[in-house]
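K.L.:
got a sequence here, can you model it:
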Amino acid sequence: MRTFIAVEIPAEIKNKIGRYVDLLRGSSQNVKWVSPENLHLTIKFLGEVNEDDVDSLIECMNPVLSEFSSFDLALEHIGFFPSIKNPRVLWIGSDGGADNLLDIFQELEHCLETVGVDRDERMFSPHLTIGRVKRNHDKLSDGPAFTGDIPEFETASFRVNGIALIKSTLTPQGPIYEKLYEGKLKEAQFGMV
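P.N.:
Numbering: from 1, shown residues only. Down below sits the predicted model:
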């Protein structure tokens, strides 16, 4: 099964991002938007894993996550991969709380490697994907991705109390996500949030 480790986004933040995406729709062409219910912030994409390996992944995640305290995460600005001139992915980035995510990512990398998960070759860059530019035969579709000004994203903050292991099933209608497990961070384990 296809899996990843991520921070789940609270419903009120998903709704706020959904309203922001509605604003972007007016100034964009050729973008496939992520539906609000599927929004998440990926920490580590694991790819295809056997069902039998899920317990090993959880056993790896637990001790790592129990070392970290709950923290506030701020989603603050829009960005583009690889660049605004040639956007393929539109995302909302985080500065406030990003150091915590990087620390968790690095510790998970060490642990996951011991259970056979390859290290990421790219540098970790915390972001929440909101849209992907549609491509036609490996080229950008005709016309620019954006035809007007891009509105600023108003900062949205929330408390991260846990990190989830999520299964992704790809369908013609889009991915379906199922939470397999959620590891709680320190204060969340003891109800001190």
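
K.L.:
for the residue positioned nearest the centre of the chain, helix, strand, or coil?
P.N.:
Centroid check for the chain by Cα atoms, centre = their mean gives Leu41 as the closest residue, at 2.0 Å. Classification of Leu41 by DSSP: H, G, I helix; E, B strand; the rest coil places it in strand.

K.L.:
quick one: residues contacting it.
P.N.:
Residues in contact with Leu41 (Cβ atoms under 8 Å, 6 or more residues apart in numbering) are 6-7, 9, 73, 94, 101, 126-128. To be clear about C-beta, it is placed using only N, CA and C from the backbone, and glycine gets the same treatment.

K.L.:
recalculate using a threshold of 6 Å.
P.N.:
Contacts of Leu41 were listed using Cβ atoms under 6 Å, 6 or more residues apart in numbering, and they are 6-7, 128.

K.L.:
stretch 42-59: which residues count as buried?
P.N.:
42-44, 46, 49, 54, 56-57 (16 or more other Cβ atoms under 10 Å).

K.L.:
restricted to strands, list the residues you listed.
P.N.:
Among those, DSSP state E puts 42-44, 46 in strands.

K.L.:
in this protein, which helix is the longest?
P.N.:
helix 98-114 (DSSP state H).

K.L.:
what does that one contact?
P.N.:
Contacts of helix 98-114 (Cβ under 6 Å, 6+ apart): 43-44, 60, 64, 68, 71, 119, 124, 126.

K.L.:
ok, and the most crowded of those residues?
P.N.:
Pro126 (23 neighbours; other Cβ atoms under 10 Å).

K.L.:
thought Leu23 was touching Ile150?
P.N.:
No: using Cβ atoms under 6 Å, Leu23 makes no contact with Ile150, being 9.1 Å away.

K.L.:
make CSV from the contacts of helix 98-114 and add pLDDT to it.
P.N.:
Listed next are the contacts of helix 98-114 as CSV, based on pLDDT from 0 to 100:
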residue, pLDDT
Ile43, 95
Lys44, 95
Cys60, 93
Val64, 94
Phe68, 96
Phe71, 95
Arg119, 91
Phe124, 89
Pro126, 88
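
K.L.:
filter those down to the ones in helices?
P.N.:
60, 64.

K.L.:
same list (the contacts of helix 98-114) but as a markdown table, adding distance to Val31.
P.N.:
A markdown table is the format used below for the contacts of helix 98-114 (distance: Cβ to Cβ, whole Å):
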| residue | distance to Val31 |
| --- | --- |
| Ile43 | 25 |
| Lys44 | 26 |
| Cys60 | 36 |
| Val64 | 35 |
| Phe68 | 35 |
| Phe71 | 31 |
| Arg119 | 31 |
| Phe124 | 25 |
| Pro126 | 21 |
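
K.L.:
cool, thanks, signing off.
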